[in-house]
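Asks: Sequence first, then the predicted structure:
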Amino acid sequence: MLQMHNLQHKHITSAHLAQTMALLSLTTDELRQQVESELASNPALEMIEERRCPVCHTLLPPRGLCPVCSRPQSPDPNEPIVLLSTRDDFYTGKSSDSEDMPDNDYSVVTDDLPTYVFKQIAMELDAQDRPIAAYILTHLDDDGLLTTTPIEVARYHHVPLERIMAIMRLIQHSDPIGVGASCPEEALLIQVEVLAETRKVPDHAQEAIELGMDMLSRHQYSELAHLLKISQSKVMEIARFISENLNPFPARSHWGEINQPAQNSPQVYRQPDVIIGYLNGQPNKTLLVEIIMPFSGTLRINPLFRQALHQVNENKIDQWKSDLESASLLIKCMQQRNNTMRRLMQRVVTLQKNFILNGEEELIPLTRAQLSKELDVHESTISRAVSGKSVQLPNSRIVPLSMFFDRSLNVRTILRNLIDQEPRPLNDTELVNLLARQGIFVARRTVAKYRAMEGILPAHLRHSVMTIS
DNA sequence: CTATGGCACGGATT
DNA sequence: AATCCGTGCCATAG
């Protein structure tokens, strides 16, 4: 994280560039923290309640969308409406009752993870156990996994291990089920346990997770089947069940399919940074793209501060001047960031409209480089803007923004559909031919790779039809 | 012998 | 410069 104080003495333009980059790559949530800290430490900066629409510059109500832009007179139905929007309810916890907001059914988590979990279990804990629970909850990583061990916790608090375990159990059965597990396997096991109460869980699922998690995530189903001495179709069923119903990283929101199974867990997406919905709620053809701003109100230089600058005494004047500079820099960069994000989303949504409306099959391959030319910005600008951001689609799914740039997602989904539909298990070379009919030319080896990515077993192992929902 | 997965290489992408 | 992705070659399982 770049500290702006390091930049003050440098030349404005380079500082400006660096800061713009830094802000661009921040998610909404991180941006809020950044601005808040600057607001607190820099007297030159202030926030006023008044909000102006960045598009049409009319005065906005305290929250909600721009009344002008969200009800345009003659919009081109193919062009999405992109605007900056405040969803204070995301951050304040107030339920949104505004009527100009399409009431989607996404659930809003307003607390951070530790608080959220703690509230659920607080009632059931003895008063003296609560600090321990709180202690445990502060030792979770971004995925909701424990970064310490129960033994250490017990030692630290000088209480018997059993008491810790009881608390842990309570935590782990709270809403992001499996939260507080010490490893992905444990999280999965807990989820299996909980799910088993309400629905049917494939046999041997526990053993498969306990013994063969690494194989499972590497799609080495035949080896695992051998190890557990069960049929391979059974293993396949288990794998399917896990990828559809369980989440090895409890705190990470479920976004659809299994993309990157195990190893890497670089980012957690909480609230989306961009929300795509239909204009005025109902599915007509115009898409409404809201880039979520972390706060309502407008940042500006405090006018009093500017006046007082002339009267301040000599030894403080440098500090004050740099404060002023840093504040105006931040404001400029915010505008730059917003502008870039708006242009980016405008273009992306236009290009990928069919994907948004009709699903992954219609995603067109799009590279960041291509977009950077169209928007006339540097490639790295796009990269930074895209990485780490998440988008909520009209169907309430939250996906990473980078999915819009997935080079093979469309082919993979077509492949998946192909396999789902075809009665006879097709081998990889046959699949290659089928894809070629649709104008998609890929190598045999590539089909195999895509299958693996989608968690689909090889032809000779998928005789029986499995039905899990 | 066939179908598939592992390894690794080269070109594209970030 | 580092990383990702499609692909070819080869070993291996069935």
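Replies: Okay, I see it.

Asks: Show the backbone phi and psi for A:P294.
Replies: Torsion angles at A:P294 (phi, psi; degrees, to the nearest 10) stand at phi -80, psi -10.

Asks: What helix or strand is the residue lying closest to it once chain neighbours are set aside located in?
Replies: Nearest residue to A:P294, sequence neighbours excluded (CB to CB, 6 or more residues apart in numbering): A:R32, at 3.2 Å. Quick note: C-beta positions are derived from backbone N, CA and C, even for glycine. Taking DSSP states H and E as the criterion, A:R32 maps to helix A:28-41.

Asks: buried residues in that helix?
Replies: Across helix A:28-41, burial judged by 16 or more other CB atoms under 10 Å covers A:T28, A:D29, A:L31, A:R32, A:Q34, A:V35, A:E38, A:L39.

Asks: can you redo these as a markdown table with distance to A:I209 and pLDDT?
Replies: Output for these, formatted as a markdown table (distance: CB to CB, whole Å; pLDDT from 0 to 100):
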| residue | distance to A:I209 | pLDDT |
| --- | --- | --- |
| A:T28 | 35 | 84 |
| A:D29 | 32 | 79 |
| A:L31 | 38 | 88 |
| A:R32 | 38 | 86 |
| A:Q34 | 40 | 88 |
| A:V35 | 43 | 91 |
| A:E38 | 46 | 91 |
| A:L39 | 47 | 91 |
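
Asks: quick one: which of the residues you listed is nearest A:T149?
Replies: A:D29 (29.2 Å; CB to CB).

Asks: wait, that closest one sits on A:M293?
Replies: No: when contacts are counted by CB atoms under 8 Å, A:D29 is not listed as touching A:M293 (11.4 Å).

Asks: Now A:I48: phi and psi?
Replies: Main-chain dihedrals, A:I48, degrees, to the nearest 10: phi -110, psi 160.

Asks: Can you give me the pLDDT of it?
Replies: A:I48 is assigned a pLDDT of 84 by the prediction.

Asks: what do you get for A:P77?
Replies: If you check A:P77, the pLDDT there is 69.

Asks: before we move on, what about A:D100?
Replies: pLDDT, A:D100: 37.

Asks: Then the one 3 residues further on?
Replies: With respect to pLDDT, A:D103 scores 35.

Asks: Ok, the one 3 residues further on next?
Replies: On the pLDDT scale, A:Y106 is placed at 29.

Asks: Am I right that A:V82 falls within a strand?
Replies: Yes: counting by DSSP: H, G, I helix; E, B strand; the rest coil, A:V82 is part of a strand.

Asks: Verify the stated contact: it with A:I276.
Replies: No: using CB under 8 Å as the test, A:V82 is too far from A:I276 to be in contact (9.6 Å).

Asks: Between the two, which contacts overlap?
Replies: Common neighbours of A:V82 and A:I276, counting by CB atoms under 8 Å, 6 or more residues apart in numbering, are A:V289, A:V349.

Asks: between the two, who's got more neighbours?
Replies: Comparing A:V82 with A:I276 by other CB atoms under 10 Å, the one with more neighbours is A:V82, at 25 against 22.

Asks: now A:L288: how far from A:V274?
Replies: Separation of A:L288 from A:V274 (CB to CB, to the nearest Å): 11 Å.

Asks: Is there proximity between the helix or strand hosting A:S372 and DNA strand C?
Replies: Following DSSP H and E, one finds A:S372 within helix A:368-375. No: with CB under 7 Å from any atom of the strand as the criterion, DNA strand C is not reached by helix A:368-375; the gap is at least 10.8 Å.

Asks: Give me the buried positions along that helix.
Replies: Of the residues in helix A:368-375, those buried (16+ other CB under 10 Å) are A:R368, A:L371, A:S372, A:L375.

Asks: what about the first one, distance to A:L287?
Replies: Applying CB to CB, one obtains 21 Å for the distance of A:R368 from A:L287.

Asks: Then A:M334?
Replies: Distance, A:M334 to A:L287, by CB to CB: 25 Å.

Asks: Compare those two (neighbour count), which wins?
Replies: For the pair A:M334 and A:L287, the greater number of neighbours falls to A:L287 (22 against 19), based on other CB under 10 Å.

Asks: got the phi/psi numbers for that one?
Replies: For A:L287, the backbone dihedrals (degrees, to the nearest 10) come out as phi -90, psi 140.

Asks: now A:Q352
Replies: phi -100, psi 30.

Asks: neighbours around it, how many?
Replies: Neighbours of A:Q352 under the rule other CB under 10 Å: 18.

Asks: Pull out the buried positions in stretch A:413-423.
Replies: Neighbour-count burial for stretch A:413-423, with 16+ other CB under 10 Å as criterion, is recorded at A:T413, A:I414, A:L415, A:R416, A:L418, A:I419.

Asks: ok, is that stretch in contact with DNA strand B or not?
Replies: No: counting by CB under 7 Å from any atom of the strand, DNA strand B is not contacted by stretch A:413-423; separation bottoms out at 10.6 Å.

Asks: so how far is that stretch from its chain's centroid?
Replies: A distance of 28 Å separates the centroid of the chain from that of stretch A:413-423, by CA atoms, centre = their mean, to the nearest Å.

Asks: Against which helices or strands is the helix or strand hosting A:L195 packed?
Replies: Assigned by DSSP H and E, A:L195 belongs to helix A:184-198. Packing partners of helix A:184-198 (3 or more CB pairs under 8 Å, 6 or more residues apart in numbering; DSSP states H and E): helix A:205-217, helix A:232-245.

Asks: go again using 7 Å as the cut-off
Replies: For helix A:184-198, the packing partners by 3 or more CB pairs under 7 Å, 6 or more residues apart in numbering; DSSP states H and E come out as helix A:205-217.

Asks: Tell me which of the buried residues of stretch A:413-423 fall in helices.
Replies: Residues of those located in helices (DSSP state H): A:T413, A:I414, A:L415, A:R416, A:L418, A:I419.

Asks: Closest one of the residues you listed to DNA strand C?
Replies: Lowest distance from DNA strand C to these (CB to the nearest atom of the strand) belongs to A:L415, with 11.4 Å.

Asks: who's in contact with stretch A:321-330?
Replies: A:M4, A:Q8, A:A15, A:H16, A:Q19, A:E38, A:N42, A:P43, A:A44, A:L45, A:I301, A:L309 (CB atoms under 7 Å, 6 or more residues apart in numbering).
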